[in-house]
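A.B. asks: Pasting the sequence and the predicted coordinates here, then a few questions.
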Amino acid sequence: MRFLPEDGYKRILVLAFYAVLGIVLIYVFFKYLLDLLLPFIIAWLVALMIRPIAETISKRMGISKKVVSVILVILLLALIGVVLFYIMDKLIYEFSGIVQTVNDNADKWSGNIMNLLNKFLSKIPFLKTFGSEEEMLKSFGNMAKDMFSGFTSNIPEMLTRMISLIPNLLFVSLVLIMASYYFCADYEEINSFVMGKLPEKAKSQITKTRVKLKLAGKRILKGYLLTIGITFLQLYAGLAILKTDYAFTVALIIALLDVLPVIGVGTVLIPWAVIKLVAGAYYEGFGLLIIFAVVSVVREILEPKIIGKSIGLHPLMTLFSMYIGLNLCGFLGMISFPVLVIVLKTLFSEGKTEEKI
């Protein structure tokens with residue numbers, strides 16, 4: 001890429017400068033600007049999806065592009081709203097059941113954990129140097145009870161916060177609809193205004209970078225959406241066969257966790273299977289292991305084809321980007337930083353010189 005020197009220490013210094021500048025800009029964006037700009041970012045993405053369709057319909061049917069844009073924006077957002085409403089309704093129903101189950105079985109589960117710990121501690125003599133078995137079991141029991149009670153006590157506060165957000169959500173939805181319409185209907189005017197304020201060299205570089213970024217972003221987004229969908233369907237089908245309670249919610253949560261680099265479905269399914277096997281529930285335990293094996297094999301086969309090996313990251317780089325993102329921007333940064341690194345890698349690799357991260 002022309003804004004990078006060909007070789008030597010200057011190239012390394014420039015790359016380091018861009019990396020530091022990028023981290024600073026991303027931190028400022030996530031920390032101070034994301035909440036303010038999020039409706040407009042979503043509206044811009046909606047406009048990118050709708051604009052080509054609106055132009056085609058407008059030309060073929062002779063209808064005003066603005067009228068077509070309004071109709072398509074409302075239809076798309078209504079469809080998204082219906083899907084989200086169905087998912088949220090399902091999640092709230094099943095999550096309420098999970099909370100009730102936790103409340104009803106907290107003492108029983110604590111007792112089971114205590115029994116398992118008792119068997120475990122009795123087989124490890126050197127642990128007695130840290131205290132008596134009774135003291136350690138009591139400590140573990142108190143930790144388990146505090147964990148269960150802390151989980152359930154926060155539910156009413158969470159529900160109250162969600163209800164209080166409804167007025168803001170309605171206003172944001174209105175802003176989103178209007179912004180999507182203006183981005184879609186007046187895209188050329190907005191683009192001409194912004195580009196008209198830039199020098200010619202900057203215009204050329206921004207145009208090239210925007211094309212590459214658009215291609216990389218589309219490939220990554222499409223790939224991960226397909227991966228989430230396929231993983232969710234496999235998990236939901238497997239858990240439904242095992243007659244697992246709240247299979248929809250559990251499958252969705254695990255599928256979303258699977259997108260996070262390094263974590264994967266095994267983080268949930270393997271410990272869950274071990275607990276079932278130790279408890280004597282062999283059908284469910286081996287069933288969970290089979291689900292894990294199937295999901296892993298399908299992922300290994302399909303992921304290179306769906307996402308492409310060329311945009312993958314080395315596990316160490318993935319872990320590093322997750323750690324930086326978590327510390328700078330919280331949970332959202334942990335998810336988005338690896339994706340941003342992948343996008344940057346793709347931009348460099350599609351230039352004249354391949355960059356290996």
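C.D. replies: Yes, it's here. Numbers count the residues shown, from 1 in each chain.

A.B. asks: Could you use CA atoms for every contact and neighbour count after this?
C.D. replies: Fine.

A.B. asks: what residue ranges in the stretch 151-300 of the chain score low on pLDDT?
C.D. replies: 151-159, 162-165, 202, 205, 209, 212-213, 215-217, 220, 260-262 (pLDDT under 70).

A.B. asks: and with 50 instead?
C.D. replies: Low-confidence segments of the stretch 151-300 of the chain, defined by pLDDT under 50, are absent.

A.B. asks: how far away is residue 328 from residue 179?
C.D. replies: Residue 328 sits at a distance of 29 Å from residue 179 (criterion: Cα to Cα, to the nearest Å).

A.B. asks: in the stretch 201-350 of the chain, which spans are helices?
C.D. replies: 247-259, 266-278, 282-306, 315-349 (DSSP state H, counting those that start in this stretch).

A.B. asks: Report the mean per-residue pLDDT for the longest one.
C.D. replies: When pLDDT is averaged over helix 315-349, the result is 71.

A.B. asks: Which residue ranges make up the domains of this structure?
C.D. replies: Per the record, the chain has its domains at 34-197, 203-357, by automatic domain parsing.

A.B. asks: Start from the N-terminal end of the chain and give the strands.
C.D. replies: Taking DSSP state E as the test, none of the chain falls into strands.

A.B. asks: Please save the CA atoms from stretch 325-339 in CSV.
C.D. replies: Only the C-alpha atoms of stretch 325-339 are listed here, as CSV (Å, rounded to 0.1, in the frame of the first residue of the first chain):
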residue,chain,number,x,y,z
GLY,A,325,-9.9,-5.2,23.8
LEU,A,326,-11.2,-6.4,27.2
ASN,A,327,-8.9,-4.0,29.1
LEU,A,328,-9.6,-1.0,26.9
CYS,A,329,-13.3,-1.3,26.0
GLY,A,330,-14.7,-4.1,28.2
PHE,A,331,-16.7,-7.1,26.9
LEU,A,332,-17.6,-5.5,23.6
GLY,A,333,-14.0,-4.7,23.0
MET,A,334,-13.0,-8.3,23.7
ILE,A,335,-15.4,-9.4,20.9
SER,A,336,-14.6,-6.6,18.4
PHE,A,337,-10.9,-6.2,18.7
PRO,A,338,-10.1,-9.6,17.1
VAL,A,339,-12.5,-8.8,14.2
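
A.B. asks: which parts of it are buried?
C.D. replies: 325, 326, 328, 329, 333, 334, 335, 336, 337, 338, 339 (16 or more other Cα atoms under 10 Å).

A.B. asks: next one: stretch 20-33
C.D. replies: By 16+ other Cα under 10 Å, the buried positions in stretch 20-33 come out as 23, 26, 27, 30.

A.B. asks: Residue 27 against residue 327, yeah?
C.D. replies: No - using Cα atoms under 8 Å, residue 27 is not in contact with residue 327, being 10.0 Å away.

A.B. asks: tally of neighbours for the closest residue to residue 236 other than its chain neighbours?
C.D. replies: Spatially, and ignoring its direct neighbours in sequence, residue 236 is nearest to residue 251 (5.2 Å; Cα to Cα, 6 or more residues apart in numbering). For residue 251, the count of nearby residues is 22 (other Cα atoms under 10 Å).

A.B. asks: Distance of residue 251 relative to residue 257?
C.D. replies: The spacing between residue 251 and residue 257, counted by Cα to Cα, is 10 Å.

A.B. asks: Between the helices of the stretch 201-350 of the chain, which one is closest to residue 14.
C.D. replies: Taking Cα to Cα, helix 315-349 is the member of the helices of the stretch 201-350 of the chain nearest to residue 14, at 13.3 Å.

A.B. asks: Look up how far residue 259 lies from residue 240.
C.D. replies: Residue 240 is 22 Å from residue 259, where distance means Cα to Cα.

A.B. asks: I misspoke; the intended subject was residue 272.
C.D. replies: Separation of residue 272 from residue 259 (Cα to Cα): 19 Å.

A.B. asks: And residue 188, by the same measure?
C.D. replies: Counting by Cα to Cα, the gap from residue 188 to residue 259 is 35 Å.

A.B. asks: what about the two, which has more around it?
C.D. replies: A count of neighbours by other Cα under 10 Å puts residue 259 above the other of residue 188 and residue 259, at 17 against 10.

A.B. asks: distance of that one from residue 253?
C.D. replies: Residue 259 is 10 Å from residue 253, by Cα to Cα.

A.B. asks: and what of residue 267?
C.D. replies: Here residue 267 is placed at a distance of 12 Å from residue 253 (Cα to Cα).

A.B. asks: again with residue 78
C.D. replies: From residue 78 over to residue 253 the distance is 24 Å, taken as Cα to Cα.

A.B. asks: Give me the contacts around stretch 175-189.
C.D. replies: Residues from elsewhere that reach stretch 175-189 (Cα atoms under 8 Å, 6 or more residues apart in numbering): 39-40, 42-44, 46-48, 50-51, 65-66, 69-70, 73-74, 77, 190.

A.B. asks: repeat that for 6 Å
C.D. replies: With contact meaning Cα atoms under 6 Å, 6 or more residues apart in numbering, stretch 175-189 is reached by 39, 43, 47, 51, 66, 70.

A.B. asks: and residue 246, how many neighbours does it have?
C.D. replies: So residue 246, with other Cα under 10 Å, has 19 neighbours.

A.B. asks: Can you tell me, leaving aside adjacent residues, what's nearest to it?
C.D. replies: Closest residue in space to residue 246, ignoring its immediate chain neighbours: residue 94 at 5.5 Å, by Cα to Cα, 6+ apart.

A.B. asks: burial measure for the one you found, as a count.
C.D. replies: By the criterion of other Cα under 10 Å, residue 94 has 18 neighbours.
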